[in-house]
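**Student:** with the sequence up front, the predicted model follows.
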Amino acid sequence: MNVGGIDSSRIEAMMAQLKAAATKPAAPALGPGSLGGVGGVGNAAPVNEGPSKVSFSDALKNSLEQVSNSQKHAEELGNRFAMGDDSVSLSDTMIAMQKSSIAFQATVQVRNKLVSAYHEIMNMQV
């Protein structure tokens, strides 16, 4: 079966990969000199299929904290590089800055979509 240009076998393979990734232990937090996923996307907590549910506000708060941590990490690397720390390379600093920039831009786009959806709902006639 073909759904939106994606074969169902590919969907099943992706689901198997997601389930396998969910059973692995969580990756360590970002530390000085480490490079995590953009905005911590790869460091998300495993999804539980039990009765516990994550609220939208908690998910949003966690995402904003990850973006903030990414920006702080990039700023710290930049400061250490500017001070002449030999353990920090220019490439690591630039990569961290670009990742934090992309994560922030994505956050702004999500905010814009939320505001747009809010205005659309508020303009609906009851």
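**Tutor:** Cool, the structure landed.
**Student:** biggest helix in this protein by residues?
**Tutor:** The single longest helix within the chain, with elements called by DSSP state H, is helix 90-122.
**Student:** would you map the strands across the chain?
**Tutor:** 2-3, 6-7 (DSSP state E).
**Student:** separation between the closest residue to residue 104 other than its chain neighbours and residue 60?
**Tutor:** Among residues not flanking residue 104 along the chain, residue 67 sits closest, at 5.9 Å (Cβ to Cβ, 6 or more residues apart in numbering). Every C-beta, even on glycine, is put in place using the N, C-alpha and C of the backbone. Distance of residue 67 to residue 60, computed by Cβ to Cβ, to the nearest Å: 11 Å.
**Student:** more crowded one of the two?
**Tutor:** Each of residue 67 and residue 60 has its neighbours counted (other Cβ atoms under 10 Å); residue 67 has more, 21 against 14.
**Student:** right, and that one touches residue 105 too?
**Tutor:** No: assessed by Cβ atoms under 8 Å, residue 67 is found out of contact with residue 105, at 9.9 Å.
**Student:** contacting residues for the residue nearest to residue 104?
**Tutor:** The contact partners of residue 67, by Cβ atoms under 8 Å, 6 or more residues apart in numbering, come to 39, 100, 103, 104, 107.
**Student:** quick one, what contacts residue 57?
**Tutor:** Listed by Cβ under 8 Å, 6+ apart, residue 57 has no contact partners.
**Student:** how near is it to residue 109?
**Tutor:** Distance, residue 57 to residue 109, by Cβ to Cβ: 19 Å.
**Student:** if we can go back for a sec, and the furthest pair within the contacts of residue 67?
**Tutor:** Farthest apart among these by Cβ to Cβ are 100 and 107. That separation is 10.4 Å.
**Student:** who's more crowded, these two?
**Tutor:** residue 100 (22 against 17).
**Student:** got the contact list for the more buried one?
**Tutor:** With Cβ under 8 Å, 6+ apart, residue 100 has these contacts: 39, 67, 70, 71, 73, 74.
**Student:** change it to 6 Å
**Tutor:** Counting by Cβ atoms under 6 Å, 6 or more residues apart in numbering, residue 100 makes contact with 70, 71, 74.
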